[in-house]
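Enquirer: no sequence for this one, just the structure:
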């Protein structure tokens, strides 16, 4: 009888451990995901709405024109 109780406790423990895994991180948005109006560039407003920080936007905007092209875009 004691062996049965031990097995039940162990089964409960291991089922809890396997269920407590952290969820997979959500995928990073693509250029097309952020370019809501489909004009081929990402504005500061579109980037901010997607969760990109102002610092990362400025860092990515290599030519300083206030928008990101597909070549400039990265998600850090």
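Expert: Looks like it came in fine. All values reported here derive from a predicted model rather than from experimental measurement. Residues are numbered from 1 along each chain as shown.
Enquirer: just the strands in the protein please.
Expert: Here the chain has its strands, by DSSP state E, at 42-43, 67-68.
Enquirer: Which residues are in contact with residue 26?
Expert: Not one residue lies near residue 26 by C-beta atoms under 8 Å, 6 or more residues apart in numbering. Every residue, glycine included, has its C-beta placed from N, CA and C.
Enquirer: Sorry, slip of the keys, the one I care about is residue 38.
Expert: By C-beta under 8 Å, 6+ apart, residue 38 lies in contact with residue 32.
Enquirer: what do you get for the one 5 residues further on?
Expert: The contact partners of residue 43, taken as C-beta under 8 Å, 6+ apart, are 66, 67.
Enquirer: do the one 10 residues further on as well
Expert: With contacts defined as C-beta under 8 Å, 6+ apart, residue 53 has no neighbours.
Enquirer: What pLDDT does the model give it?
Expert: pLDDT, residue 53: 94.
Enquirer: circling back: same list (the strands of the chain) but as TSV, adding distance to residue 33 and mean pLDDT.
Expert: Below are those laid out as TSV (distance: least, C-beta to C-beta, whole Å; pLDDT from 0 to 100):
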stretch	distance to residue 33	mean pLDDT
strand 42-43	10	97
strand 67-68	13	97
